[in-house]
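Trainee: coords please:
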Amino acid sequence: MFSENKGSIENLRVDVDAYIRAYSGIICSINTGKIADIELSGTIEYTSSSAGGNWLGGICYNNKGEIVKVCNYAEIKGYNSTSTGNYIGGICSQNHGIVQQCKNEGKIWNANNAIGGIVGLNYQTVKECANKGRIDANVSASYHLGGIAGRNNGEIYNCYNLGSITGQLVKGGIVGPSDGNIKNCYSIADITTEYQAGGIVSTNSGKVTNCWYVKKGNYDIQLSTSTGTVESSGEKTEAEMKDNAFLDVLNAGNDEITWNLDRRKNNGYPYLAWEDE
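Mentor: Sure, this is the predicted structure:
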């Protein structure tokens, strides 16, 4: 719709059947302003066969501003290639700003490097976001996959992942590799991989605090080669995650009630308070 947004784009419902090239998103390529209250549905497919540099986001390629209350339901298909450089996020390919109260329910597939339900590469802040969509690399030599972010160099907190993750190399229920901070998150992801996986993060060289996962394979909260720190985090059963005591754990440390629990919603798992609005 736009090459670059420097103002405000709000209150849109967009249904697409789109074929777009690299460094693109349906709303804009680069966002330095505000994008809010957007719902995106349909299908998005990357069309180029060039090797490397295939950056694609449901909403935008590069966020340098603010994205708030955006929901992607669209299926996103990257370019099926064994070359590296296919960076895809349900909301944006890379984030240098704030992505807040956003959700992805669309399937993301056919990509091989830094793929996340919300962002591909995070350099700044992702908070109060949820992924329920399936992430399926569907190519050989795929790596850096996460339910929220493919790779994290910033901070991610108060997020959850219910979507399954399938790929060849390093995967994490919330993030692939991370040298940033991950806090107050949980994942119940089915993770299918030939090699390495982590319940929350694959390779952690940053800090993980108050993050929890359901173990559905031969993996722990992070890879054993990780050099970062893990505090007050670990494994829980599905029944424990659906209990009020777990809701208290997630809300602890927040200035206001961020998480809610209603057994009629979200398959009984905690969800974010803004999802009731």
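
Trainee: how many neighbours does residue 256 have?
Mentor: 6 (other C-beta atoms under 10 Å). Just so you know, the C-beta spots here come from the backbone N, C-alpha and C atoms, and that holds for glycine as well.

Trainee: where does it land in three-state SS?
Mentor: coil (DSSP: H, G, I helix; E, B strand; the rest coil).

Trainee: residue contacts, it?
Mentor: Shown in contact with residue 256 (C-beta atoms under 8 Å, 6 or more residues apart in numbering): no residues.

Trainee: and if we set it to 10 Å?
Mentor: residue 273 (C-beta atoms under 10 Å, 6 or more residues apart in numbering).

Trainee: How about residue 171?
Mentor: For residue 171, the contacting residues are 115, 135, 137, 142-147, 150, 165, 189, 191-193, 195-198, 201-202, 219, by C-beta under 10 Å, 6+ apart.

Trainee: one more time with 6 Å, if that's ok
Mentor: By C-beta atoms under 6 Å, 6 or more residues apart in numbering, the contact set of residue 171 is 145, 165, 191, 193, 197, 202.

Trainee: Touching, the first one and residue 167? I think so.
Mentor: Spelled out, it's residue 145. Yes. If you go by C-beta atoms under 6 Å, residue 145 and residue 167 touch, sitting 4.7 Å apart.

Trainee: More neighbours: which of those two?
Mentor: Remark: of residue 145 and residue 167, residue 145 carries more neighbours, 35 against 28, as counted by other C-beta under 10 Å.

Trainee: what's the distance between that one and residue 132?
Mentor: Using C-beta to C-beta, to the nearest Å, residue 145 is found at 16 Å from residue 132.

Trainee: what does residue 91 give?
Mentor: Per C-beta to C-beta, residue 91 is found 13 Å from residue 132.

Trainee: Counting neighbours, go ahead and name the busier of those two.
Mentor: More neighbours surround residue 91 than the other of residue 91 and residue 132, with 30 against 18 (other C-beta under 10 Å).

Trainee: now residue 186, nearest residue through space, not along the chain?
Mentor: Closest residue to residue 186 apart from its sequence neighbours, by C-beta to C-beta, 6 or more residues apart in numbering: residue 212 at 4.6 Å.

Trainee: just residue 4 next, same as before
Mentor: residue 30 (4.5 Å).

Trainee: residue contacts, the closest residue to residue 260 other than its chain neighbours?
Mentor: Spatial nearest neighbour of residue 260, chain neighbours left out: residue 273 (5.2 Å); criterion: C-beta to C-beta, 6+ apart. Going by C-beta under 6 Å, 6+ apart, residue 273 touches 257-258, 260.

Trainee: neighbouring contacts of stretch 216-235?
Mentor: Residues from elsewhere that reach stretch 216-235, judged by C-beta under 6 Å, 6+ apart: 190-191, 196-211, 215.

Trainee: repeat that with 8 Å
Mentor: Outside stretch 216-235, the residues that touch it by C-beta under 8 Å, 6+ apart are 170, 172, 178-179, 188-192, 196-215.

Trainee: Same question for stretch 258-270.
Mentor: Here stretch 258-270 makes contact (C-beta under 8 Å, 6+ apart) with 128, 158, 160, 162, 184, 186, 188, 241-242, 244, 246-247, 250-251, 271-273, 275-276.

Trainee: can we see that at 6 Å?
Mentor: Contacts for stretch 258-270 (C-beta under 6 Å, 6+ apart): 158, 241-242, 247, 250-251, 271, 273.

Trainee: Helices - which of these land there?
Mentor: 241, 247, 250-251 (DSSP state H).

Trainee: Would you map the helices across this structure?
Mentor: Using DSSP H, the helices of the chain run over 238-241, 244-251.

Trainee: of all these, which lies closest to residue 110?
Mentor: Closest to residue 110 of the helices of the chain, according to C-beta to C-beta: helix 238-241, at 30.2 Å.
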